[in-house]
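Student: Here is a sequence with its predicted model. Questions after.
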Amino acid sequence: MAETLYPIIKPSELTGLDKNDNLVLIDARSGNDALEKYLQAHLNGALFVDLEKDLADIKTDVAQGGRHPLPGLREFARFIGTLGIDKISHVIVYDDKNGANAAARFWWMVRAIGHKKVQVLDGGYEAAKEAGFPITAGEEKVQQKEAYEVSEWLLPTATMDEAGTAAADNNSAVVDVREEKRYDGIYEPIDLIAGHIPGAINIPFTDNLDENGRFLSPEKLKSKYVELPGGIGSAKTIVHCGSGVTACHTILAMDAAGLPIPTLYTGSWSEWSRNNKPVATTKAN
C-alpha cells in the first residue's frame, strides 16, 4: 500500500528530489490568463490543469451545485490518466495563491480518488522559483496512462441540506473560510448575496498561513481547529467557502495538523445563497 505523505512540501524539499519517472508536477494556477502564464513560464516538467475545465463541471444554473461542482468521477479518473498519474506516482501541485486556490482543490480531488502520494507546494510557484527550481516555457510532453482505477469519491462531501442541518446543531461545526467581511455581510464581490449560513463559524483560510504566506506548523494548525464545536471528526465538521475551492485549503491545513479530514460542502455559499435559504449577518456564538 502506498505511503500517505505529509500533505505539504517545502520548496527546498522539492528542489532536493531526484527526478524520476514517478514524479508528476502539476501547475494549477488559475485565472483567465493562467494557460498563457503557464506557456510563458512554469516549473520545469509541470503539467497544466485548468480549474474551470478539468477540476469542475460548470453548470449553467449555479443554484444547482454552486460555481465549481465536482466533475464526474469517471471523467476525472480519465483526466488523471492523461496526466500520466498512476498508483505509484508522487504528485506535487502548486498554484500562485499560497495553495489556496486550485492547488488545494486538486490535492483534495486526488486524495478523494484514493491516491495517497500527493502534496501541495508551500508558497507555490514563486517560492519554488526563489528556491532555484528550474523554470521553462512551452508545453510539456507526457506519457499518458490508463484511467485511474476508482469506484467512488473516498473523501466525505455534504449536500446543501446537510450543511444547514449541521450548522444548526451544537454538536457539529460548519466552518466558513471566506474573509470576514463576506461572512459578516458587509460586501460580496462574487455571489449574489452577502452573509453566511446561520450557525456557521468564520475561520478565514488566511489564518492557516504565517506573515510570509507559508503554512503554519502542524502544532499551530492543530490548536486552531482541535476545539471546534462537537469535536473534530469528518462527520461533525463541514468546511465551505464560496464555491468549494478555497475550502480545500483549510481541509489541507487540518490534514497537515494530523486531524481527521473533514467534510467538504462543495456547493458552498454560491449554491446556498441562490436557493432562498436563510442568511445571517451576525456572528455565530
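Tutor: Cool, got the structure.
Student: which regions of the stretch 1-150 of the chain sit below the pLDDT cut-off?
Tutor: For the stretch 1-150 of the chain, applying pLDDT under 70 flags the ranges 1-3.
Student: Recalculate using a threshold of 90.
Tutor: For the stretch 1-150 of the chain, residues meeting the criterion pLDDT under 90 lie at 1-5, 15-21, 98-101.
Student: So what's the residue count around Lys236?
Tutor: Using other CB atoms under 10 Å as the criterion, Lys236 is surrounded by 19 other residues. All C-beta atoms are positioned from the backbone trio N, CA, C, and that covers glycine.
Student: How about the one 10 residues further on?
Tutor: With neighbours defined by other CB under 10 Å, the count for Thr246 comes to 26.
Student: didn't it look like it was pressed against Ala100?
Tutor: Yes - counting by CB atoms under 8 Å, Thr246 does reach Ala100; the two are 5.4 Å apart.
Student: Can you check which residues contact both of these two?
Tutor: By the contact definition CB atoms under 8 Å, 6 or more residues apart in numbering, Thr246 and Ala100 are jointly contacted by Phe205.
Student: How many neighbouring residues does the spatially closest residue to Val120 that is not a sequence neighbour have?
Tutor: In space, and not counting its chain neighbours, Val120 is closest to Gly99: 4.6 Å by CB to CB, 6 or more residues apart in numbering. Counted by other CB under 10 Å, the residues lying close to Gly99 total 33.
Student: Next up, the contacts around Gly99.
Tutor: Applying CB under 8 Å, 6+ apart to Gly99 gives the contacts Ile8, Val120, Leu121, Asp122, Gly124, Phe215, His249, Leu252.
Student: could you pull out the helices for the stretch 51-200 of the chain?
Tutor: Counting by DSSP state H, counting those that start in this stretch, the stretch 51-200 of the chain has helices at residues 51-54, 73-82, 102-112, 124-130, 160-167, 180-183.
Student: quick one: which of those helices is nearest Thr4?
Tutor: Shortest distance between Thr4 and these, using CB to CB, is found for helix 102-112: 8.8 Å.
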